[in-house]
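[1] Sharing a model prediction with you, sequence too.
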Amino acid sequence: MTPPTLSALTPWLAIGLVFILAGGVKGITGMGLPTVAMSLLGLWMAPAQAAALLVMPSLVTNIAQCQGPAWRSLVRTLWPVWLGMILTTVWGPDLSSLAPIDARFALGAILVAYGLWGLWKPVVPQVSPHAWWIGLAAGLATGFVTASTAVFVLPLVPYLQSLRLDKDTMIQALGLSFTIATLALAARLHAFESGTLLSVPSFVALAGAVVGLVIGAAVRARISAATFQRALFLVFIALGAANLWRGL
């Protein structure tokens, strides 16, 4: 059997490095793996192809974050959000079907918006957990963004912040919501039927994400999380601008 050449290994190496970095960010901040991975992979591959690689590492790394004592109350509160996400992620149109917009342009716009929002850190008005229609609207909007860009942070994260959850409950809410968003994205991409989840690049991405998580957890105790997040949001803006430029 002929061993793989360096040129054949280069894409796998690039994928592995991207997910090591993305996993490291998640290990430090508890979130950000899909955003980092999509922002980097989108520089050289189509967003749909990048999204397929995202499913396995995002799903595995989020499942552990779902654990916690508040899952019953979170289900009662967040079911409208999750329902909305599933509906528009799986069956909703993406921007390219509604307007002649390159997928990289949409991805870049979301990354820039998320980076600016993270740096600005506006005080989000408090929303009652019983206002299910607001959660449904947030879920529908998040699913629409996910269908177009495979990034599911907006407006999901601001909505969760508006519920004023304590730190541990917030982490669990993010884990549950991101897991559902990932499963919905996988269904949209037909990843379960096509064998995408069991492909070699997908396992390379998963291995890289796990390594990154371990590194990120070790780094978390040595740096200021606030300083790291500010730098990360600046990186999102820069990568978003690069994707915007490529999408023009």
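    Received the coordinates, thanks.
[2] Please give me every residue in contact with R246.
    For R246, the contacting residues are 42-43, 102, 104, 108, by C-beta atoms under 8 Å, 6 or more residues apart in numbering. For every residue, glycine as well, the C-beta is placed using N, CA and C.
[3] Now render the residues you listed as a markdown table, adding distance to L21.
    Converted to a markdown table, these look like this (distance: C-beta to C-beta, whole Å):
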| residue | distance to L21 |
| --- | --- |
| G42 | 14 |
| L43 | 13 |
| D102 | 24 |
| R104 | 19 |
| G108 | 19 |
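[4] For those residues, give me JSON lines that also has pLDDT.
    Converted to JSON lines, the contacts of R246 look like this (pLDDT from 0 to 100):
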{"residue": "G42", "pLDDT": "81"}
{"residue": "L43", "pLDDT": "81"}
{"residue": "D102", "pLDDT": "70"}
{"residue": "R104", "pLDDT": "78"}
{"residue": "G108", "pLDDT": "86"}
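[5] out of the residues you listed, which are buried?
    Taking 16 or more other C-beta atoms under 10 Å as the criterion, what is buried in the contacts of R246 is 42, 102, 104, 108.
[6] Quick check: of those, which lies closest to T89?
    G42 (18.1 Å; C-beta to C-beta).
[7] so what's the closest one up against?
    Neighbouring residues of G42 by C-beta under 8 Å, 6+ apart: 50, 104, 107-108, 239, 243, 246.
[8] Roughly how far does it sit from P158?
    Counting by C-beta to C-beta, to the nearest Å, the gap from G42 to P158 is 23 Å.
[9] Kindly report the same for T142.
    For T142 relative to P158 (C-beta to C-beta), the value is 10 Å.
[10] just for this protein, where's the confidence low?
    Scanning the chain for pLDDT under 70 picks out 1-9, 95-101, 192-196, 225.
[11] Give me the spatial nearest neighbour of A141, chain neighbours excluded.
    In this structure, A141 finds its nearest non-sequential neighbour in P155, 5.4 Å apart by C-beta to C-beta, 6 or more residues apart in numbering.
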